[in-house]
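Novice: below is the sequence, then the predicted model.
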Amino acid sequence: MVLVGVLAFGLYVYYLNVLVTHRFEGLRWTLPAHVYAAPLDLYAGLDLSAPQLEHELQRLSYHPVTDLEQPGTYRVTGTRIDVALRAVQFADGSRPATVLSVLFGPTGVQDLRDSTGREVPVMRLDPLLIGSLFPIDGVDRIVVTPQEVPPLLPAALKAVEDRSFDTNRGVDPWAILRAFWVDLRSRRFEEGGSTLTQQLVRSYFLSNRQTLGRKVREAIMAISLASHFSKADLMNAYINEIFLGQDGNRSIHGFGLASEFYFGKPLSELDLPQIATLVAIVRGPTYYDPRRHAQRTLARRDLVLKILTEQGVIKAADAQVAQRQPLGVTNGASGAYYPGYLELVRRTLQRDYPEKELTEAGLRVYTSLQPRAQELAERSLDAQLQVLDKRHHRRDAKLEGAVVVTSPQSGDVLAIVGARQVDFDGFNRALDARRSIGSLVKPFIYLTALETGRYNAATVVQDQPVSIKLATGKFWRPENFTRRTYGPVPVVRALAESLNLATVGVGMDVGLDKISDTLTRFGLEQPPQQVPAMLLGAIDISPLEVAQLYNGLANGGFRTPLRAVQSVVSADGKALKAFPLQVTQVAPTADVYEVDSMLEQVMTHGTGVPAMRILPPGLVTAGKSGTSSQDRDSWFAGFSGGDLTVVWVGYDHYQPTGLTGSEGALPVWAHLMASLGTRPLEMPEPEGVTETWIDYQTGMGAQPGCAGTVPVQVALPIGAQVTPMAGCSNGTTAGTLLDRAGRWVHRLVH
Amino acid sequence: MKKMIAAAVVVGLLASCAVLGPPVPQTPESTPGNPQGPGTSQAPGSARPGTQTPPEGAPAQAPPSPQQRQFTLGAAAASLVGVAHTQEQSRNYGVAAETLERALSIEPHNPLVWIELGRENILAGNPTQAYGMGRKALYLASGDPHAQASAWQLIAASLRAQGRNDEAYAAEERAVALSPN
């Protein structure tokens, strides 16, 4: 009987031995895909101030110093910032650690030099890690090599967790006996006495249940591991494996990620008190959570420092200095955690990669995200919604919002805000809220009208009651927002003031099928239902899709698919997939130019006027408001020369907001555009178009200074007939000498 | 294959049409800069400026003649274009395109960068995209006959690579008319 027992135990030990060695030899951690923001290019002429660069550096966890030391530090001297850049891997190659001097002038970056004083034309900052695509079990880690581990860390781990690590055979019998005695006295498991190897076994192979059977199994496996592998291998595995914290549904494994998670910098840059803090956390990542239990963690860190001194690992003087330091943990992952954007990244990649590859293969994903634009978008939405909440308070609901910012020329999605609570990984309104776009559709109606050749900005259309018989036999009788009619108005005014009746008249004349075709050309995914109500924006799409449509307008009639991901690189640095810029002309540039010039008038004479109080002087923009029926949705979409921004404001459950596009979304849009530091809109004038002065009220030719007129400059096809206003203009066709003179003066003035 | 070879030849000609200076073969992170200052257009004027407020009164003088301008690359973009040329020599077209996209993010309205990117697309076997970039460059090159000619050259090359020879011929005619030398 005993023999059978011994034999069975022997087989069990053999089985565990094979299991452990087999799995450990092929040890490959599942590595989530790590997602990076677009790195900032620095060059002479860049509109970036010294404080803004400092902010960018701090976001990347660079630290100010008086003498440049190790990579990850910078020094400010007057108008110069010297940066010790870290070695970094980009999508297209790597950069060694290097020193860069950035000199600032009144308009931004004036000069870049390397450490030898040579001029540098362009230099990228590090790409900011903005998140990981981790599997359902939430395990996230950054694997570090032994060379990336500061020597103090293994020394400290041994001193605090396992003093006999270098000599024991995986278990420490004395430590186990001591723990057994403590447990026996208290009649419960209080002390573990586990070696680092046992902790590694527990983390990698076993559950966390405290049973005698598991302890025996753990000990056997630890002995097996220690007998087959070197201490250096075991220490490296421990440093990469051990659990060190929880961030929502994401578990922080390994010291590499813990260093980024708690201190926002690579493990190799940690100092003594920070290493001591991580070693303190090992004992109980929840109990010693430095963000939730700072005092408790501080006490444990100081105890670690004391032990390290007693064990001769550090000098007493260094420990004293370290004990005076605060914990120094960052405010949390939210500083560079953009779940709204990450969701778009995940969806983009899911088209090409199975979930397992995304979450386990250690891919590096380089995105278009611009952290500064993202932060400003989050801030603008939150601040303006707070203001709106006070004015339009509802007890049963809270205003929500979404923002999309793109770079029209490249189609890069610079920022996505999917909710007010930006760090909450919930319903992403920027991607998934399909809401009625209201008057945002109007520029595409007028573009279609211009394409027929029968309309231009000065064409007089009738804003009058409309009654359209529907297929159901009922009549559709839309109204203007003001419930008034405006009679004959030029197209530019109909668009700028978003007159519904005039637009429906034009739309019905042009044809719903043609308008649907225009929208599809510009990127609408599903052709709209061709009913008259589509002329007033009864088209339910997401803010991201609106951004795709308006991107074509901001881009001179060229469609550029929006992209969040630029490239994917394998764990070993091999380029796997690129998402190159694409561009296709989808409308004549002259017609788009004319529409865009009318959208400029929206900002100066129409529904965009309130933005002019917020935007800096000289920042030329073009845009359009949108309001769905009963004010359920408040939209604004508009662009400058460098950025396109779409804002939606509303309630999740479709209650009326009492806000038009100008009242709800526009303030968010304007504050964001004002803070982005974007460049003014400057469109190259296409062939066949000329700038012409007309009266905004009547569409008749009118020069600046003409009494009783509101002269506006619009783009018209050369040769377009413009009725002259008596005593005001002697021109009858666009592009006359006087028009050109007016344009010339205008340029002199501005 | 013949189309690809023909495209490569045309691209070579396009490159030699010298809208850009000689390549700067070093990596941008470590190269000395181009002494040229930043800027894309020596005489901006045909781009539409803001039209927010009308001026008071009109001048008695005659209006100016149509504005001409000449696009150039700033030091940063020129350096990146040079790097892209080096990457292109080792047939690393994808990486070269990424480098040019960096140049584009610095000078998004400069037709010369779009022409470079289009050229890269022809080399990489994407003439349809090159055509779109040629059209985009042409749109941006308003007022610069030299840049317009280069854009037409790119359009012609992209059309030829697609086998649309008649259209390519017409595009070349446009290029020659704009820049007979």
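Specialist: All right, it came through fine.
Novice: can we go C-alpha only for contacts and neighbour counts from here?
Specialist: Noted.
Novice: shouldn't A:Leu244 be within a strand?
Specialist: Yes: membership of A:Leu244 in a strand is supported by DSSP: H, G, I helix; E, B strand; the rest coil.
Novice: and A:His63, what pLDDT?
Specialist: With respect to pLDDT, A:His63 has a value of 89.
Novice: same check, this time on A:Ile176
Specialist: Per-residue confidence at A:Ile176 stands at 72 (pLDDT).
Novice: before we move on, what about A:Leu305?
Specialist: 95.
Novice: look at A:Tyr353 and give its secondary structure.
Specialist: Per three-state DSSP, A:Tyr353 ends up coil.
Novice: what's around it, how many residues?
Specialist: 13 (other C-alpha atoms under 10 Å in any protein chain shown).
Novice: could you do the one 4 residues further on as well?
Specialist: Other residues within reach of A:Glu357, judged by other C-alpha under 10 Å, total 17.
Novice: how close does it get to A:Ala33?
Specialist: Distance from A:Glu357 to A:Ala33, counting by C-alpha to C-alpha, to the nearest Å: 8 Å.
Novice: check A:Phe205 too.
Specialist: Distance from A:Phe205 to A:Ala33, by C-alpha to C-alpha: 23 Å.
Novice: the more surrounded of the two?
Specialist: The neighbour comparison of A:Phe205 against A:Ala33 (other C-alpha under 10 Å) goes to A:Ala33, with 27 against 15.
Novice: show me which positions of stretch A:627-646 end up buried.
Specialist: Using 16 or more other C-alpha atoms under 10 Å in any protein chain shown as the test for burial, stretch A:627-646 gives A:627-629, A:631-646.
Novice: then stretch A:242-260?
Specialist: Quick answer for stretch A:242-260 (16+ other C-alpha under 10 Å): A:242-246, A:250-260.
Novice: and it, what's its mean pLDDT?
Specialist: For stretch A:242-260, the mean per-residue pLDDT is 89.
Novice: start to end distance for it?
Specialist: OK, stretch A:242-260 end separation, C-alpha to C-alpha: 15 Å.
Novice: show me where pLDDT drops low in the stretch 251-400 of chain A?
Specialist: Within the stretch 251-400 of chain A, the stretches with pLDDT under 70 are A:332-336, A:393.
Novice: just the helices in it please.
Specialist: All helices of the stretch 251-400 of chain A, identified by DSSP state H, counting those that start in this stretch, fall at A:254-263, A:272-282, A:294-310, A:316-323, A:339-350, A:355-360, A:371-391.
Novice: show me what the shortest one is packed against.
Specialist: For helix A:355-360, the helices and strands in contact under the criterion 3 or more C-alpha pairs under 8 Å, 6 or more residues apart in numbering or on different chains; DSSP states H and E are strand A:33-36.
Novice: next helix or strand past the strand it packs on?
Specialist: strand A:41-43 (DSSP states H and E).
Novice: that following strand close to chain B?
Specialist: Yes: counting by C-alpha under 8 Å from any C-alpha of the partner chain, chain B has neighbours in strand A:41-43: A:Tyr43.
Novice: quick one: name whatever helix or strand follows that strand.
Specialist: Going down the chain from strand A:41-43, the next helix or strand is helix A:50-59, by DSSP H and E.
Novice: what angle do that following helix and helix A:371-391 make?
Specialist: 100 degrees (axes from the mean of the first three to the mean of the last three C-alpha atoms, to 10 degrees).
Novice: dump helix A:50-59 to CSV, restricted to CA.
Specialist: The C-alpha coordinates for helix A:50-59 follow below in CSV (Å, rounded to 0.1, in the frame of the first residue of the first chain):
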residue,chain,number,x,y,z
ALA,A,50,8.5,76.6,-25.0
PRO,A,51,5.8,76.0,-22.4
GLN,A,52,3.9,73.9,-24.9
LEU,A,53,7.0,71.8,-25.6
GLU,A,54,7.6,71.4,-21.8
HIS,A,55,4.0,70.2,-21.6
GLU,A,56,4.6,67.7,-24.4
LEU,A,57,7.7,66.4,-22.7
GLN,A,58,6.0,66.1,-19.4
ARG,A,59,3.2,64.1,-21.0
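Novice: could you give the angle of the helix or strand hosting A:Val76 to helix A:50-59?
Specialist: Following DSSP H and E, one finds A:Val76 within strand A:73-77. Put simply, strand A:73-77 runs at 160 degrees to helix A:50-59, going by the same axes, to 10 degrees.
Novice: ok so, going back, for the buried residues of stretch A:242-260, which one is nearest chain B?
Specialist: Chain B lies nearest to A:Glu260 out of the buried residues of stretch A:242-260, by C-alpha to the nearest C-alpha, at 25.6 Å.
Novice: contacting residues for that closest one?
Specialist: A:Pro266, A:Leu267 (C-alpha atoms under 8 Å, 6 or more residues apart in numbering or on different chains).
Novice: let's see that with 6 Å instead.
Specialist: Listed by C-alpha atoms under 6 Å, 6 or more residues apart in numbering or on different chains, the contact partners of A:Glu260 are A:Pro266.
Novice: in the stretch 151-300 of chain A, which spans are strands?
Specialist: A:243-247, A:250-253 (DSSP state E, counting those that start in this stretch).
Novice: and for A:Thr348, nearest residue in space, chain neighbours not counted?
Specialist: A:Val565 (7.2 Å; C-alpha to C-alpha, 6 or more residues apart in numbering or on different chains).
Novice: the one you found: neighbour count?
Specialist: Other residues lying near A:Val565 total 27 when counted by other C-alpha under 10 Å.
Novice: for it, name its beta-bridge partners.
Specialist: A:Thr367 (DSSP bridges).
Novice: so where is the chain shaky, pLDDT-wise?
Specialist: Just so you know, I chose chain A. For chain A (pLDDT under 70), the answer is A:1, A:16, A:24-29, A:183, A:186-193, A:206-213, A:332-336, A:393, A:729-750.
Novice: could you do chain B instead?
Specialist: B:1-67, B:180-181.
Novice: longest helix of it?
Specialist: As assigned by DSSP state H, the longest helix anywhere in chain B is helix B:145-161.
Novice: just checking, what packs against the strand holding A:Val76?
Specialist: strand A:63-64, strand A:80-85 (3 or more C-alpha pairs under 6 Å, 6 or more residues apart in numbering or on different chains; DSSP states H and E).
Novice: again, 10 Å this time
Specialist: If you count contacts as 3 or more C-alpha pairs under 10 Å, 6 or more residues apart in numbering or on different chains; DSSP states H and E, strand A:73-77 packs onto helix A:50-59, strand A:63-64, strand A:80-85, strand A:98-105.
Novice: parallel or antiparallel, which strands does the third one pair with?
Specialist: In the sheet containing strand A:80-85, the strands it pairs with under DSSP bridges are strand A:73-77 (antiparallel), strand A:98-105 (antiparallel).
Novice: and the next helix or strand past it?
Specialist: The C-terminal neighbour of strand A:80-85 among helices and strands, as given by DSSP H and E, is strand A:88-90.
Novice: give me the buried stretch members for that following strand, please.
Specialist: For strand A:88-90, by 16+ other C-alpha under 10 Å, it's A:Phe90.
Novice: wait, does it contact chain B?
Specialist: No: on the criterion C-alpha under 10 Å from any C-alpha of the partner chain, strand A:88-90 is out of touch with chain B, staying 11.1 Å away.
Novice: what's that strand packed up against?
Specialist: Strand A:88-90 packs on strand A:93-95, strand A:364-367, going by 3+ C-alpha pairs under 10 Å, 6+ apart.
Novice: want to throw these into TSV with distance to A:Arg346?
Specialist: Below are the helices and strands packed on strand A:88-90 laid out as TSV (distance: least, C-alpha to C-alpha, whole Å):
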stretch	distance to A:Arg346
strand A:93-95	23
strand A:364-367	10
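Novice: relative to A:Phe522, which of these is closest?
Specialist: Closest to A:Phe522 of the helices and strands packed on strand A:88-90 is strand A:364-367 (C-alpha to C-alpha; 23.3 Å).
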